[in-house]
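Structural data only, the sequence is not supplied:
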């Protein structure tokens, strides 16, 4: 099963939260408004800063802010920042692991187009698309079903 880490899920929540205000926000403040433990928020923000998705400001009025607007940040970039490059199989270009059967594999190189299609799809979804207010009606859960 293809599954994202909890840290990636938290990163999306943190990034969307950072969009809620134009001022810098602190790690404890983000934790308080999202319900994510502060040490986890700090860890996520450190990774996001390393990937240049957020910028940090030191000092008494320090904190974090988005480096770009949510509309300009593809979800694939967030996934790569938190979980590393997307690699469905160990034989895909950029995979951190290597397949021990690569030389004998009858489907060698066939996963690359699948991987590329997923990367293109994720590049077409921005963090702005992930905000609750922007969920298309077809994807919303009816109020009666949510109860």
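Happy to help now that I have it. Keep in mind that what you see is a predicted model, and the values were worked out from it rather than measured.

what about residue 8, distance to residue 122?
Distance of residue 8 to residue 122, given as CB to CB, to the nearest Å: 11 Å. All C-beta atoms are positioned from the backbone trio N, CA, C, and that covers glycine.

ok, now residue 2?
Distance from residue 2 to residue 122, by CB to CB: 11 Å.

Settle it for me: which of the two has more neighbours?
Higher neighbour count among residue 2 and residue 122: residue 122, with 16 against 6, using other CB atoms under 10 Å.

What count of nearby residues applies to residue 20?
Neighbour count of residue 20, defined by other CB under 10 Å: 11.

sec struct for it, please.
Classification of residue 20 using DSSP: H, G, I helix; E, B strand; the rest coil returns coil.

Next one: residue 124 from residue 72, what distance?
Residue 124 is 13 Å from residue 72, by CB to CB.

go on, residue 7?
Distance, residue 7 to residue 72, using CB to CB: 22 Å.

what helix or strand is the spatially most central residue of the chain on?
Residue closest to the average C-alpha location in the chain (CA atoms, centre = their mean): residue 78, at 3.0 Å. Element membership of residue 78, judged by DSSP states H and E, is helix 75-83.

Give the residues shared as contacts by residue 8 and residue 122.
residue 79 (CB atoms under 8 Å, 6 or more residues apart in numbering).

Would you mind listing the outside residues contacting stretch 45-58?
With CB under 8 Å, 6+ apart as the test, stretch 45-58 has contacts from 7, 11, 14-15, 18, 24, 27, 30, 62-68, 73, 77-78, 80-82.

Just the buried residues of the helix holding residue 78, please?
Judged by neighbour count (16 or more other CB atoms under 10 Å), helix 75-83 contains these buried residues: 75, 76, 77, 78, 79, 80, 81, 82, 83.

That helix packs against which elements?
Judged by 3 or more CB pairs under 8 Å, 6 or more residues apart in numbering; DSSP states H and E, the packing partners of helix 75-83 are helix 6-18, helix 38-50, helix 111-123, helix 127-130.
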